[in-house]
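Okay, structure incoming, though there's no sequence with it:
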Ligand SMILES: Nc1ncnc2c1ncn2[C@@H]1O[C@H](COP(=O)(O)OP(=O)(O)OP(=O)(O)O)[C@@H](O)[C@H]1O
């Protein structure tokens, strides 16, 4: 269940390109942390490094530590597949398996891990879909393809798929950017409910969204073109938006750049 993350001196590279420099921050258990900042400052790169997705890019490199309740996910011998199961991810564009049924989408991760118990899979399907506020809308068509749902429903299906394996942390990379305002609000409401059980980190371009959903906000910036992105400051969301410590944060949230 929900665990804390301690990110220590994280440096991230794509081949020789130093994308993110020396990030140290804490993500509290059962809370929502937003990453905000201008395009290219490394928000998604940091997010993907938290569950070892950064290293799937050929030539990429990670220095530093990501501690999940004190255990470094980059320690020798740690299985990245297990890390990704423990730290789940929801992407910008809903990506259900389009021809697979709604139910099979939800339990895809469990089936992949060899789970075959139909009763258990049915129970998990219902629990995950209820948890994603989707059950009532799909309970009569669980065997229909996931690709037949609306964009907002597909994103909630992806959240159900991510939670079905009971991760400790949920990473969300701009989960609402492809959605209409009503679907966006549905996801935001869902995030507020999910944080009772999960530790959530969300990348968002929408500052109102960061202000609405998150407990703490981290502002990243690029000191200059070609230089690595840096964490400028992290703090309680109300403070970051009303009284940030750094001028760059104030300039960004007041719309002076970015
Ligand atoms: N697969 C990749 N290969 C090489 N460079 C990459 C790759 N992905 C990202 N980058 C570079 O790393 C830097 C950080 O990118 P990243 O996508 O993390 O930024 P971001 O803050 O999430 O941006 P945005 O808000 O536009 O999504 C950018 O300079 C980007 O061009």
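Everything's here; your move. On a predicted model such as this, the values are computed, not experimentally measured, just so you know.

got the contact list for the residue lying closest to residue 179 once chain neighbours are set aside?
Once flanking residues are discounted, residue 179 sits nearest to residue 152: 5.3 Å by C-beta to C-beta, 6 or more residues apart in numbering. Where you see a C-beta, it was placed from the backbone N, CA and C, and this is true even at glycine. Residues near residue 152 by C-beta atoms under 8 Å, 6 or more residues apart in numbering: 179, 180, 182, 183, 184, 186, 187.

Around the ligand, which positions in the stretch 51-200 of the chain sit nearby?
Counting by C-beta under 6 Å from any ligand atom, the residues of the stretch 51-200 of the chain close to the ligand are residue 57.

where does the stretch 51-200 of the chain dip in pLDDT?
Along the stretch 51-200 of the chain, the model assigns pLDDT under 70 to no residue.

in it, which spans are strands?
With DSSP state E, counting those that start in this stretch as the criterion, the stretch 51-200 of the chain has strands at 60-68, 71-72, 87-90, 169-173, 199-203.

Same list (these) but as TSV, adding mean neighbour count.
Below are the strands of the stretch 51-200 of the chain laid out as TSV (neighbours: other C-beta atoms under 10 Å):
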stretch	mean neighbour count
strand 60-68	17
strand 71-72	14
strand 87-90	22
strand 169-173	25
strand 199-203	26
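
Any of the contacts of residue 152 buried? List them.
Buried residues within these, counting neighbours by 16 or more other C-beta atoms under 10 Å: 179, 183, 184, 186, 187.

Residue 147: neighbour count?
15 (other C-beta atoms under 10 Å).

contacting residues for it?
With C-beta under 8 Å, 6+ apart, residue 147 has these contacts: 96, 98, 99, 154.

Surely the last one and residue 97 touch.
No. Between residue 154 and residue 97 there is no contact under C-beta atoms under 8 Å: 10.7 Å.

out of those two, which sits in the more crowded spot?
Per other C-beta under 10 Å, whichever of residue 154 and residue 97 has more neighbours is residue 154, with 24 against 14.

if I look at the more buried one, how far off is the ligand?
As judged by C-beta to the nearest ligand atom, to the nearest Å, residue 154 and the ligand stand 20 Å apart.

Excluding chain neighbours, what is closest to that residue?
Nearest one to residue 154, counting by C-beta to C-beta, 6+ apart, is residue 94 at 3.6 Å.

do you know how far that neighbour is from the ligand?
17 Å.

end to end, how far does stretch 88-99 reach?
22 Å (C-alpha to C-alpha, to the nearest Å).
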